[in-house]
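Novice: give the three-dimensional model of this entry:
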Amino acid sequence: MNDTFNINRFWLLVRRQWTENKKVYLLLWGVISISVMVLQFFPSFNEPYILYILLFCFSGCAISTTLFSRWTDYGRSSFYLLLPASVTEKFLCGLFYGILLFIPLYCLNYFIFRYIITYLVIMLFDNNLPSFSAFINGAIHEIITTPFPTYIVIFLSFLFTQSIFMTIFIRFKRYQGLIFLITIMAIFLIYDIGMWNFVTKLVHVQVGS
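Specialist: The predicted model follows:
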């Protein structure tokens, strides 16, 4: 087999991935849509956007299970390696579903269900919301005025979380989810302790000077 990239083989691999996992993808997008709407009704949180970021990252991890779950099964992994497609095409297929397709679809899904569908649902009850056009214009203004570095941080967090999840998912055959959650919690804990020590020392230096 030729190891160079071939666009026809790549699209056949993409179609094969969709055929094998379309039920999982549709179920996942249903869960994401409902979660976006449910989170909209929790205004008591001081930082509600962290919940949407976590949903974004964990949804990416769920997508990864369809791309790399075969590696925990020696029979399926051997069959996948023997597919008449180059390593580049298999790698790009993972990038296509995990990043190039997932991120735009998530952003579109986020906008539709957080602003449009949620607004229509709230309209069924007594409310004092502004007009639909004003509501959508406010949503667009909020998205446009968000600093670009914020999107970079979210994207890097997404890549970091996915990398940790894929490493654990491939390395451990049992309790992958539990090990992943413990690892993420440990990373956040170490980060918080490190930042607390850094800020404390910085304050002491400024006070001493």
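Novice: could you use CA atoms for every contact and neighbour count after this?
Specialist: Fine.
Novice: what element comes up after the one helix or strand in the chain whose mean pLDDT sits lowest heading to the C-terminus?
Specialist: Lowest by mean pLDDT, DSSP states H and E among the helices and strands of the chain is helix 74-81, with a mean of 58. On the C-terminal side of helix 74-81, the closest following helix or strand by DSSP states H and E is helix 87-95.
Novice: can you tell me the SS state at Pro130?
Specialist: coil (DSSP: H, G, I helix; E, B strand; the rest coil).
Novice: how far away is it from Tyr49?
Specialist: As judged by CA to CA, to the nearest Å, Pro130 and Tyr49 stand 22 Å apart.
Novice: and what of Phe113?
Specialist: Distance from Phe113 to Tyr49, by CA to CA: 15 Å.
Novice: what do you get for Gly60?
Specialist: In terms of CA to CA, Gly60 sits 17 Å off from Tyr49.
Novice: quick one: distance of stretch 23-31 to the chain centre.
Specialist: With CA atoms, centre = their mean, to the nearest Å as the basis, stretch 23-31 stands 14 Å off its chain's centre.
Novice: about what we covered before: among Pro130 and Tyr49, which residue is more densely surrounded?
Specialist: Neighbour totals were compared for Pro130 and Tyr49, and Tyr49 leads with 12 against 9 (other CA atoms under 10 Å).
Novice: list the contacts for the residue lying closest to Leu92 once chain neighbours are set aside?
Specialist: Take Leu92 and drop its neighbours on the chain: the residue closest to it by CA to CA, 6 or more residues apart in numbering is Phe10, 8.0 Å away. Contacts here follow CA atoms under 8 Å, 6 or more residues apart in numbering; on that basis Phe10 touches Ala85, Glu89, Lys90, Leu92, Cys93.
Novice: could you do Ile117 as well?
Specialist: Neighbours of Ile117 in contact, by CA under 8 Å, 6+ apart: Met37.
Novice: hmm, try it at 7 Å
Specialist: If a contact means CA atoms under 7 Å, 6 or more residues apart in numbering, then Ile117 has no contacts.
Novice: where in this structure is pLDDT low?
Specialist: Low-confidence segments of the chain, defined by pLDDT under 70: 1-3, 42-48, 68-83, 123-127, 129, 173, 198, 201-209.
Novice: identify, from the contacts of Phe10, the entry nearest to Val153.
Specialist: Leu92 (23.4 Å; CA to CA).
Novice: the closest one and Gly138, how far apart?
Specialist: 37 Å.
Novice: and if you look at Ile184?
Specialist: As judged by CA to CA, Ile184 and Gly138 stand 34 Å apart.
Novice: which stretches in this protein count as helices?
Specialist: Listed in chain order, the helices of the chain (DSSP state H) span 7-39, 49-68, 74-81, 87-95, 102-111, 118-122, 132-145, 148-171, 176-208.
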